[in-house]
Each structure stands twice: as structure tokens, then as C-alpha cells.
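Visitor: Next one to model:
(2 chains)
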Amino acid sequence: MFDCVDPKSLEGLTWLACYLTTGKHMAFYASFATVLFLLALTAPLAMLFGFGGALASRSAVLPLRLFGKGYIAMVRGIPDIVFFLFMPIAIDQLLETVRHKLLCPDVVEPIRRGNDFVVCTAAKLPLGAADQWVHELYGFLLASLSFAIVFGAFAGNTLYGAMQAVPRAQLETASAYGMTQRQIFWRILMPQMWVYALPGLSNLWQILIKATPLLFLLGVEDIVYWARELGGAKTSAFSYPHPDWRLYYFLFLLIFYLMLTQLSERVFGWLIRKTDHGALSAHAARAGS
Amino acid sequence: MTQAVIELQQIEKSFGTLSVLKGVSITAHKGEVISLIGSSGSGKSTLLRCANLLEWAEGGNILIEGDAVRWKETSSGRKPADAAQLISIRTNLSMVFQQFNLWSHMTILQNVTEAPVSVLGRDRKEVEAEALNWLDKVGIVDKADNYPSQLSGGQQQRAAIARALAMQPRALLFDEPTSALDPELEQEVVKVIKQLAAEGRTMILVTHDMALARDVSDRVVFLHQGLIEEEGEPAELFANPKSERLRQFLSATATS
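Guide: Sure thing, here's the model as predicted:
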């Protein structure tokens, strides 16, 4: 390894190597993992919420149907950024309120005092004494949950539309052969729905990737935050002074996002081919004829 | 007289204010082939769909092998009361549709084995072996591993017939099985239907193909505006139509 003890005396490649391996740069590299981890956590969770929303929207039970439709319509109608700012705080306060009621039943003062939100010490999340990483993880999980709720609504809308798009005749034939509603759902509707859902879900996934910089708004230090932080001009007061390099940092992010997009396109392309079997084009041709 | 497989008694059905069936009775005995003819909107397809409870008749009785469908009154009309009976009837009467309706996400073989395995709960290996025989019988065993979209219309309809046969049903219901096909593809399906009729299968056939109705039927029923206008043996009915409406209908189909 290079000896990076005295950065001022370094030159050329050695300087660069030392510069790129500073603690802050390591945090920058780790934030790529944060973004990927957020995607890995949010996508399945959003699909889960999406399925919940879509199934509720199709339910024969009126309150459930209203809940499903309400969820999808509300989240879609409200600007994302409002939701991203609102959800983590709302979820945090909800959890703390519940804990406050359970853990500190003796406290008589109201939780809301003017603009302040005050719960007893035992109800705080995470607890004041918790390690820094617990705070960060908690914030990250709140952020993921908010992402999942917002994207779940969009996924729910896509899935609902896809379920409606499966030709009625396909389902009717199944009931003509004695299948129960449950069998029709699992054996016919679900496998056929993907053909209609995947293009929309692919779009949504791309939007989710591009929305990850919003993490910064939620207090999670993501790749865009670090690129801006590290790329900015550094005076000689810093160990590694350099002019404004943000362009290079952002170009690096651009490559990262493009590669992620490219990879996703391939995966979705494969999935669409795998689920289609020429059915979509066949239905389209029939509808057009 | 042999046993009655399907008895429809005084079936009534309307869609909104439109009365489609106004009290129609037909009985298909074991081994009998009945053709339902009539112009579009005469109610022949609806009658067929009432038989396997895809549509719920508002009036009249349906008996399958002597077992009467049990109904319950609900706020939205009459519904079958017994879910097990409903499924039993549908598995005993296999339907072949005008647009084939093969399940597009399954191969031809899977289409044929799906209901026997998932509905009748039969052993998959056994059903698969039988399915290949049915596909061989309709002449498309080489397409077993293809998806429906890769087949011609005639091949798809023959696959749909194999799917119906694999249920080992008491009767086959054909809803205009050749209407969506080009003339040259129609013949390959007609051949299969004739073969099934010759085997003595019980069938009800809704069709616009008068030659097919004449060739395969034991009895032809002419429906007009939701009522039976005339019925009889095909030779007699086609040669000497008694009602003016049937005469008009036959001359119109002959010239088209």
C-alpha cells in the first residue's frame, strides 16, 4: 500500500491513489451499496404493497375495495416529494406515539405541544442511548418504507390494470372446466397478468432507480450527496486540495446509473420474453382484426 | 329410450330488458347429437351456455343425468346453490368455444392436462399419457410442446377439442366451433367432429354450418327469437321446412 501519512508531499498517481482511498471516499463507495440495498429492499416491498393494493381494489368487499382504490389514487395524486418528506416523519411519530401510550401511561402532558412533538424518553425511536449505526439504520428503514409505500401505489395501479387486461374469455374457459375462483386466479390470471404488467413495472423500476437521490432529502447519505460533497473545490486547508471536480464525480454517477439501467433493461427484456409466448401479439392481432 | 344426459326444461334468460330465451326445452339422450341452428341473436349460444351454467337461467329446470340443478334466490337473481354440484356439472360437460380459448401461457399438452389434474385431481403422469393419445386422435400430437400462438386456427380448435375430451365428459358442447376458421381450416375440424359423432358421443352443437348440422345430427333444433320454431330429423327438416321462418333462414344461408 501507499504511504499516505503526509498528503502534501505526494504527487501524481500516488497522490491520486491516496486521495481516492480517504475515509470519506470509502464512505462514498459504501453509499453505492446503500443505494443498491435500498433498491433491493424497496422493490419487493413495493411489489407486496402493490399486490395488496391491486387485490384490495378488485375485492368484492366494499371497504377493502375503497381502501385499495383510495391508497392507489391518493399516493398517485400527491406529489412524490411531499410524500417522501411526510411519510418518514409520519411513520416515526406514529410509532413513537404508540410506544408512548404503551410505555409511559402515567405521563399526562399531551404529546403535541404547539409545534413540538414530545414523547417520554423510553418511547423514543431509536432510544437516545443507541449507537450511531442504529440511528442510521432506523432512518434508512423509514426511508425504504416511504419509498415502498409510494412505489407500491404505482405498482398497484399497474398490476390492477394488468389483471383487468387478461382477456375475460381465458378466465371464463377456466370456470367452464370447473376451476374455482381461487384456481382461476392462481393458475390463469396470475401467470397471464405478467405479460401486461412487466412493461409498466420495468418503467417503474427505472423511475425508482432515478428517485434514489431523494434519499438525501430523508437524511440518508447517498451517492449524489457524496459526489457533491467530495467533488466541490477544496482549499489548501484540506489535506487534498483540488479545484471543482463535481463534473467528474457526476460523470461517474452517470456511468453507474446508465449501467444499472442497461442491466435492468436486459433483465426485463428476458422476463418479458419468458412470460409472453407470443400471447400478447396474438391477442393484439385478434383485437385488431 | 336411452338415458337423458342433458335436459333443459322451459329455460328463460334475459340480459337487462332483452329477453333472449323465452322458455326453451331440449333433451339430449346418451349418444345423441343435437344441432342448434338459427340466426344471430336467436339465443342458441346462450342456451348452450345455460347448460353448463356459464349463464344462469332465470327460469326453468336443468337436469344433468337426472340430477336437477339446485338454485337459490338472491337479490341479484337466481344462482346455483350448490358449489360442488356446479363444478361437477362443468366437469361433466366439456365446452368447445368459437375462439378456441386455449390458455395462452400453457403449451398444448399443458392445456389438455390442466383441468384433469387441477380440477379432477388425477395423476399428472397418467393424464399426460392420455393427453398425447387425444392429441394424436385429433392429429396434432407433434404440436404438444408448442404454445397456442404458434398454431393455426384449425390446429388450435383441434387442441381445444382434445382438451374437452381429456375431461372424459358425459357430453360435449360446441359453441360455433368452425365459425372463426377459414374454409380450408374448417374442414379439418369438421372431420374431427364427424368422427366424434360417429363414435356415439353425446353432443350439442351450435353451428352456422348447415352441411355439418345435416351430416352429424340426430336432431336439428331451429331457434327463432328465443323460442323453438321447428325441430326434427335433419333430412326431413332441411328438405321440408314447415315454418316460413325456417324456409327463409335456410334460403338465406344457402345463398351466403
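Visitor: For chain B, which residues are neighbours of chain A?
Guide: Residues of chain B lying close to chain A (CB under 8 Å from any CB of the partner chain) are B:52, B:54, B:83, B:87-88, B:90-91, B:94-95, B:97, B:99, B:101, B:103-105, B:114-115, B:118-120, B:147-150, B:163, B:167. Every residue, glycine included, has its C-beta placed from N, CA and C.
Visitor: buried subset of those?
Guide: Listed as buried from those are B:52, B:54, B:87, B:90-91, B:94-95, B:97, B:99, B:101, B:103-105, B:114-115, B:118-119, B:147-149, B:163, B:167; burial here means 16 or more other CB atoms under 10 Å in any protein chain shown.
Visitor: if you look at the residues you listed, which of them are in strands?
Guide: Taking DSSP state E as the definition of strands, those contribute B:Ser94, B:Met95.
Visitor: Quick one: mean pLDDT over the helix or strand containing B:Ser45.
Guide: Using DSSP states H and E, B:Ser45 falls within helix B:44-51. Averaged over helix B:44-51, pLDDT sits at 95.
Visitor: Next: stretch B:105-123.
Guide: For stretch B:105-123, the mean confidence score works out to 96.
Visitor: same question, stretch B:226-245
Guide: The average pLDDT within stretch B:226-245 is 93.
Visitor: buried residues in it?
Guide: For stretch B:226-245, burial by neighbour count (16+ other CB under 10 Å) applies to B:Gly226, B:Ile228, B:Glu229, B:Glu230, B:Glu231, B:Gly232, B:Pro234, B:Leu237, B:Phe238, B:Pro241, B:Arg245.
Visitor: what's the answer for stretch A:38-52, then?
Guide: Buried residues in stretch A:38-52, counted by 16+ other CB under 10 Å: A:Leu38, A:Leu39, A:Leu41, A:Thr42, A:Ala43, A:Leu45, A:Ala46, A:Met47, A:Phe49, A:Gly50, A:Phe51, A:Gly52.
Visitor: What pLDDT does the model give residue 134?
Guide: Assuming you mean chain A. Confidence score, pLDDT, at A:Val134: 87.
Visitor: that's the wrong chain, I wanted chain B
Guide: 96.
Visitor: show me what contacts whichever residue of the stretch 151-256 of chain B sits closest to chain A?
Guide: Here the stretch 151-256 of chain B gets closest to chain A at one residue, B:Met167, 6.9 Å apart by CB to the nearest CB. For B:Met167, the contacting residues are A:Tyr177, B:Thr91, B:Asn92, B:Ser94, B:Ala115, B:Pro116, B:Leu120, by CB atoms under 8 Å, 6 or more residues apart in numbering or on different chains.
Visitor: please redo it, this time with the cut-off set to 6 Å
Guide: Listed by CB atoms under 6 Å, 6 or more residues apart in numbering or on different chains, the contact partners of B:Met167 are B:Thr91, B:Ser94, B:Ala115.
Visitor: what's the following helix or strand after whichever strand or helix holds B:Arg158?
Guide: Using DSSP H and E, B:Arg158 sits within helix B:153-166. Downstream of helix B:153-166, the first helix or strand assigned by DSSP H and E is strand B:171-175.
Visitor: Return the set of buried residues in that next one.
Guide: Buried, per 16+ other CB under 10 Å, within strand B:171-175: B:Ala171, B:Leu172, B:Leu173, B:Phe174, B:Asp175.
Visitor: Ramachandran angles for A:Thr173?
Guide: phi -60, psi -40 (degrees, to the nearest 10).
Visitor: So it is in contact with B:Gln99, correct?
Guide: No. A:Thr173 sits out of contact with B:Gln99 when judged by CB atoms under 6 Å, with a separation of 9.4 Å.
Visitor: Residues in contact with the helix holding B:Arg158: which ones?
Guide: By CB under 6 Å, 6+ apart, helix B:153-166 touches B:94, B:96, B:100, B:102, B:108, B:111-112, B:116, B:131, B:134-135, B:138, B:140, B:148, B:172, B:181, B:185, B:188-189, B:192.
Visitor: run the last query once more with 8 Å
Guide: A:177, B:94-97, B:100-102, B:108, B:111-116, B:127, B:130-131, B:134-135, B:137-140, B:143, B:148, B:151, B:172, B:177-178, B:180-182, B:185-186, B:188-189, B:192-193, B:196.
Visitor: From A:Leu260, how far off is A:Gln206?
Guide: The span separating A:Gln206 from A:Leu260 equals 9 Å under the rule CB to CB, to the nearest Å.
Visitor: for chain A, what spans make up the strands?
Guide: According to DSSP E, chain A carries its strands in the segments A:112-113, A:116-117.
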